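Trainee: model this:
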Amino acid sequence: MGLATGLLDAYAPGDARFFASPTRTLLAHGVRAEVPHDERPLPRRVAETLEARRAAGDPAPLVVGAVPFDQDAPAALAVPETARWAPPLAEDPLIALPPAARWQIRPVPEPAVYGDAVAEAVRRMKRGDFSKVVLARTLELTAPAGTDATAAPDLPGLL
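Mentor: As a prediction, the model looks like this:
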């Protein structure tokens, strides 16, 4: 199992937060401090929370969580007790799939097309056409003939 896949495998609902991006993977546990919800701008509240953690002896605190689209709704942001980093999942993809299989992987839409869609959505949001956009991407997996993905023991979450 790869490092990033190991973090994903170690995730369990509750106090854990999992994040994966094209450049890194993170698994955080616990709450050392919460970013307060008040009248101050969110960036200021985050900066002050991080500064307070540095003053308390955390050399490199980070904030994880979620920011809602509704600017009046509270963000769920916290400095975790622990954080483990790994390379991106793309560096150890599909570890759970049968190793003999030569899977073909195709992103849909292609990364450049997705990037263009994000740029267009941001442009239109700034213009006021809408206030929320949900863009999605997926991977299409094609296996060689005769591959039985259901025979792989570690695939229940993928099927």
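Trainee: Show me the shaky parts of the protein.
Mentor: Low-confidence segments of the chain (pLDDT under 70): 1, 93-103, 145-159.
Trainee: how about the strands in it?
Mentor: For the chain, the strands defined by DSSP state E cover 16-20, 25-29, 33-34, 64-66, 76-79, 82-86, 104-108, 138-142.
Trainee: Just put those in TSV and tack on distance to Asp92 and mean neighbour count.
Mentor: Where you see a C-beta, it was placed from the backbone N, CA and C, and this is true even at glycine. Below are the strands of the chain laid out as TSV (distance: least, CB to CB, whole Å; neighbours: other CB atoms under 10 Å):
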stretch	distance to Asp92	mean neighbour count
strand 16-20	11	16
strand 25-29	9	21
strand 33-34	32	16
strand 64-66	22	14
strand 76-79	28	19
strand 82-86	8	15
strand 104-108	13	11
strand 138-142	14	11
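Trainee: out of those, which comes closest to Glu48?
Mentor: Closest approach to Glu48 among these (CB to CB): strand 33-34, 10.4 Å.
Trainee: coming back round to it: could you dump the strands of the chain to CSV with distance to Val118?
Mentor: Formatted as CSV, the strands of the chain follow (distance: least, CB to CB, whole Å):
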stretch, distance to Val118
strand 16-20, 17
strand 25-29, 21
strand 33-34, 30
strand 64-66, 19
strand 76-79, 23
strand 82-86, 25
strand 104-108, 14
strand 138-142, 15
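Trainee: With Ala56 as the reference, name the closest of those.
Mentor: strand 33-34 (8.3 Å).
Trainee: Which other helices and strands does the closest one contact?
Mentor: In terms of contacts (3 or more CB pairs under 8 Å, 6 or more residues apart in numbering; DSSP states H and E), strand 33-34 is packed against helix 42-55, strand 76-79.
Trainee: Mean neighbour count, the ones you listed: which tops it?
Mentor: Per residue and on average, the most neighbours among those fall to strand 76-79, with a mean of 19 (mean count of other CB atoms under 10 Å).
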